[in-house]
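In: Make a model of this:
(one chain, ligands or ions: 1)
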Amino acid sequence: MPRFIPYHAVSFSSEEQIKRAREFYELFNRRRTVRDYSSQPVSAELLKTLIRTAGTAPSGANKQPWRFVVVTDPALKHEIRIAAEKEERENYEHRMPQEWLDDLAALGTDWHKEFLEIAPALIVVFSIDYEKEGEVTRKNYYVKESVGIAVGFLLLAIHNAGLVSLTHTPSPMGFLQRILKRPVNEKPYLLIPIGYPAERVMVPDIQRKPLDQISIWK
Ligand code: IYR
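Out: Alright, predicted model coming up:
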C-alpha cells in the first residue's frame, strides 16, 4: 500500500498571486548566461542550498536520477579546462557545420574556455540511467527530462542568489566521467560554471520571443 501524507498548498489572494507571478517573472527575465567570471569565491554553504533546491525537482518514479559534482579545486578545474578545450577546438575547427558556426556567431563563443578555471566553482551534472543493487540492475525513467528539470531549478536558484551561471556543453563529455572518477552508470549531462560576473561584463544583445510566439491558446 502506498503511504500518503497531507499536502498543504501555499495559498495567496488573486492579487498576491498576480504580484508574485510578475515579480518572479521580472526577476528571472533578468537572468542571462554569463561567460566572463570573477574569481570571487562562493561559499560551500550557499552551493549546498542551491543543490538542495535542484534536488526538489520532480523525477520519473521519484528516482532522482542526478548527481551534482562540485569542483572548486584549481588543479581539477585546470584539468577540466584543458580537456574541454581540446574537444571544443576540434568542434569549432572541424566538427561543427557552417550553419551551426553561423548560429553561434551572435553569441561570440569559441573554443577558449577560460571560465572553467576562473569561475570559483563548477557544478558538473551527471544523469543516472540505472542503479546497481548487488546483482540487480534497476533502471530509472525519463532521465533526460528529470535531470533537465532539476537543472532548471538549479539555474533559477543560482540567479535568485545573485550569482551567475553558464550551461556549458563541451562535446563529447566523456572526459568528465574520467577526470571526476564517476562510475559507468553516471553520464555527464551539463557543466555549469557558477560565480560572480567579471567587472563590467558584457552579454550578447539577444531577444526573447514574445508570448504570442511561444504560446497558443484554445
Ligand atoms: N559546446 C560549444 C558550442 C555551443 C553550442 C551551442 I547550441 C551554444 O548555444 C553555445 C555554444 C561551446 O560551449 O562553446
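In: which secondary structure elements does whichever strand or helix holds Lys19 contact?
Out: Assessed by DSSP states H and E, Lys19 sits inside helix 14-29. If you count contacts as 3 or more Cβ pairs under 8 Å, 6 or more residues apart in numbering; DSSP states H and E, helix 14-29 packs onto helix 143-160. Quick note: C-beta positions are derived from backbone N, CA and C, even for glycine.
In: following the helix it packs on, which helix or strand shows up next?
Out: strand 164-165.
In: model confidence over that following strand, on average?
Out: Taken as a whole, strand 164-165 has a mean pLDDT of 98.
In: contacting residues around that strand?
Out: Strand 164-165 is contacted from outside by 32-34, 37, 155, 158-159, 192-197, using Cβ atoms under 8 Å, 6 or more residues apart in numbering.
In: From the residues you listed, keep the buried residues only.
Out: The neighbour count (16 or more other Cβ atoms under 10 Å) marks Val34, Tyr37, Leu155, Ile158, His159, Ile192, Pro193, Ile194, Gly195, Tyr196, Pro197 as buried among these.
In: just to revisit the earlier point, run the angle between the helix or strand that the helix holding Lys19 is followed by and helix 143-160 for me.
Out: Going down the chain from helix 14-29, the next helix or strand is helix 44-54, by DSSP H and E. For helix 44-54 against helix 143-160, the angle by axes from the mean of the first three to the mean of the last three Cα atoms, to 10 degrees is 140 degrees.
In: contacts for the next helix or strand after helix 44-54?
Out: Under the assignment DSSP H and E, the closest C-terminal helix or strand after helix 44-54 is strand 66-71. Contact partners of strand 66-71, identified using Cβ under 8 Å, 6+ apart, comprise 44, 47, 51, 54-55, 57, 59, 77, 80, 121-128, 146-147, 150, 154, 180, 182, 186, 189.
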